[in-house]
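J.: Using only what follows, build the 3D model:
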Amino acid sequence: MTIKVGHRGAAGHEPENTLRSFQKAIDFGVDMIECDVHSTGDGEVVVIHDDRVDRTTNGKGKVSQMTLAELKQLDAGKGERIATLGEALDFVAGKCKLIIEIKDRASAVPVAEIIKEKVLNKVIDWQDVLVESFDHHQILAVKRHEPRIPIAPILGGMPIGYAAFADDLPCEAISICVHNLTPEFVADARNRGKAVYVWTANHADDIAHAYSMGVDGITSDYPDRL
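T.: Below is the predicted model of the structure:
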């Protein structure tokens, strides 16, 4: 069965990366939700895609230069507030799993610690999360800090040797753009024991292409189309 993943919740329907968007994705029956995280100026990890708040809220400024209290004052769309990673994990617990994309260079260890705390408190299990990043150093830092956390490198293109690079990275999955997806890559990744997740398939032809490749998971802004 191919896993259905809501991109930033259900970003095609509700304000991205908000709990409202998460709920919409859950209503659509997703298996997982993908979200993005940055660290604040006072060391908290929050769910937001950009390094600035300008595009997705009514505020201005860099996330890394603002406190959590300041960020909580902002409207992230339809009255929603920026959630912390801890709040996001609490919200999805028992409903679906969470893919956490690290967007900066300060969040790897804090993300690992937050996940560990939620597991130890029996809010989630280790397999309820997948931590990914375009910066493969960050997911490696997560794995070194807590080996039980599943990780996945994100690929913006097709690497030489298909999935061979993953042999040097203790990852459980690989995330690749739908436009770069080939049967050769999927086969090679599977032969190396790696699951394949695809981003971001919003149009019917891209969704059909991803399904035809037999990937493990498909991410979409419109999870109701999956």
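
J.: Check what pLDDT V111 gets.
T.: The per-residue pLDDT reported for V111 equals 99.

J.: where in this protein is pLDDT low?
T.: Low-confidence regions of the chain, defined here as pLDDT under 70, do not occur.

J.: tell me which residues in the longest helix seen in it are buried?
T.: With secondary structure taken from DSSP state H, the chain has its longest helix at helix 108-120. By neighbour count with 16 or more other Cβ atoms under 10 Å, helix 108-120 contains the buried residues A108, P110, V111, A112, I114, I115, K118, V119. C-betas here are computed from N, CA, C, even on glycine.

J.: And the host helix or strand of R144, what does it pack against?
T.: Using DSSP states H and E, R144 sits in helix 136-145. Helix 136-145 sits against strand 97-102, helix 108-120, strand 129-133, strand 151-155, with contacts defined as 3 or more Cβ pairs under 8 Å, 6 or more residues apart in numbering; DSSP states H and E.

J.: got CSV for the ones you listed, with distance to D224 too?
T.: Compiled in CSV, those are given as follows (distance: least, Cβ to Cβ, whole Å):
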stretch, distance to D224
strand 97-102, 18
helix 108-120, 28
strand 129-133, 22
strand 151-155, 24
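
J.: of all those, which lies closest to H209?
T.: Ranking these by proximity to H209 (Cβ to Cβ) places strand 151-155 first, at 16.3 Å.

J.: quick one, the closest one and helix 136-145 angle?
T.: Here the directions of strand 151-155 and helix 136-145 differ by 170 degrees (axes from the mean of the first three to the mean of the last three Cα atoms, to 10 degrees).
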